[in-house]
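# I'd like to go over a predicted model; first the sequence, then the structure.
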Amino acid sequence: MSKNPAKEIFFATPKGDVRIRASCKPQQIRRYILDSQFSTHSQYKSLYTRRDTLEEIAQQPDTNVVLALIEANTIIGFGVLAYPEPGERWPELGPQIMVEVKAIEVARPWRSAKIASSILKMVVDHPQIEDKIAYMVGYSWTWDLEGTKKTAQEYRSMLIRLFEPQGFQEYQTNEPNICLKSENVFMCRIGKNISEVILNRFKWLRFGLSPWTWADGGHGT
Ligand SMILES: CC(C)(COP(=O)(O)OP(=O)(O)OC[C@H]1O[C@@H](n2cnc3c(N)ncnc32)[C@H](O)[C@@H]1OP(=O)(O)O)[C@@H](O)C(=O)NCCC(=O)NCCS
């Protein structure tokens, strides 16, 4: 995904002007400040609490780090698109087919202003996105129920409303971590160029089976 061109949009929110920048590189991120709201609250810990973590992620090849910035280059939101780790279930579908929205977060004072929607739009605005299955996993134990004052069910619905406009739909799976809580959610965006063969394999893989690897003794095709 390294060929994603740098893009930037500006928009006004009731809380102030915001700049959203895609494909951020480590040397750019180093010039920014991570808003102090990305921290440990009484019942919620932000996914990333140090700017260095975003720099490290941006260093990895094929990662799209999208940042929402306010004046003086303060990061008030982030989104990350990256390939899953090799040990996970999803890379079994084939090299670089499945790609994950690994993070989407907006600092508490800036929420409900469509900043996450704009970040997400730029996360998936990628030349190869139609060749991929993009996915997100929502684990309820990572959600800011305290800050949003939502129940887990309401939060789940909010995430579905956030991801659906970008072409994501909810899919069933028996992946054990996702199945741990009924409010957890797994959503995917199937690229237009994904073949019937891959779609069929994806159906199996969601339930932990990869029969296309069985015929040759499990070495894949
Ligand atoms: C989830 C999170 C990123 C949302 O950020 P946000 O900037 O407030 O999101 P947005 O303003 O773009 O969208 C959220 C709201 O708009 C709604 N929305 C967004 N796009 C919409 C659309 N096209 N149509 C209808 N509703 C829409 C959402 O349902 C939601 O409603 P509400 O906040 O008014 O109840 C934020 O709450 C957060 O940072 N949470 C902590 C981290 C987290 O839980 N990340 C997700 C992990 S899976």
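Yes, it's here. Residues are numbered from 1 along each chain as shown.
# Mind naming the longest helix for this structure?
helix 152-163 (DSSP state H).
# Any residue of it touching the ligand?
Yes. Shown here: helix 152-163 in contact with the ligand (CB under 6 Å from any ligand atom) through Met158, Leu159, Arg161, Leu162. Placement of C-beta: from N, CA and C, glycine included.
# Tell me who's in contact with the last one.
Leu162 makes contact with Ile104, Ala116, Ser117, Leu120 under the criterion CB atoms under 8 Å, 6 or more residues apart in numbering.
# ok, and of those, which contact the ligand?
Counting by CB under 6 Å from any ligand atom, the subset of the contacts of Leu162 that neighbours the ligand consists of Ile104, Ala116, Ser117.
# for the chain, which spans come out with low pLDDT?
When the per-residue scores of the chain are filtered using pLDDT under 70, the ranges that remain are 1-6, 216-221.
# Reduced to three states, what does the most centrally placed residue in it come out as?
If you average the C-alpha coordinates of the chain and look for the closest C-alpha using CA atoms, centre = their mean, you land on Val101, 1.8 Å from that point. Under the three-state scheme (DSSP: H, G, I helix; E, B strand; the rest coil), the conformation of Val101 reads as strand.
# thinking again about what came up before, the ones next to the ligand among the contacts of Leu162 into CSV, with extra columns for secondary structure and neighbour count?
Conversion of the ones next to the ligand among the contacts of Leu162 to CSV gives the following (DSSP: H, G, I helix; E, B strand; the rest coil; neighbours: other CB atoms under 10 Å):
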residue, secondary structure, neighbour count
Ile104, strand, 23
Ala116, helix, 23
Ser117, helix, 15
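# how about stretch 40-59 against the ligand, any contact?
No. Stretch 40-59 stays clear of the ligand (CB under 6 Å from any ligand atom), getting no nearer than 6.6 Å.
# and that stretch, which residues are buried?
For stretch 40-59, burial by neighbour count (16 or more other CB atoms under 10 Å) applies to Ser46, Tyr48, Arg51, Thr53, Leu54, Glu55, Ile57, Ala58.
# one step back: now, which of the residues of helix 152-163 next to the ligand sits nearest the ligand?
When the residues of helix 152-163 next to the ligand are compared for distance to the ligand (CB to the nearest ligand atom), Arg161 comes out closest, at 3.3 Å.
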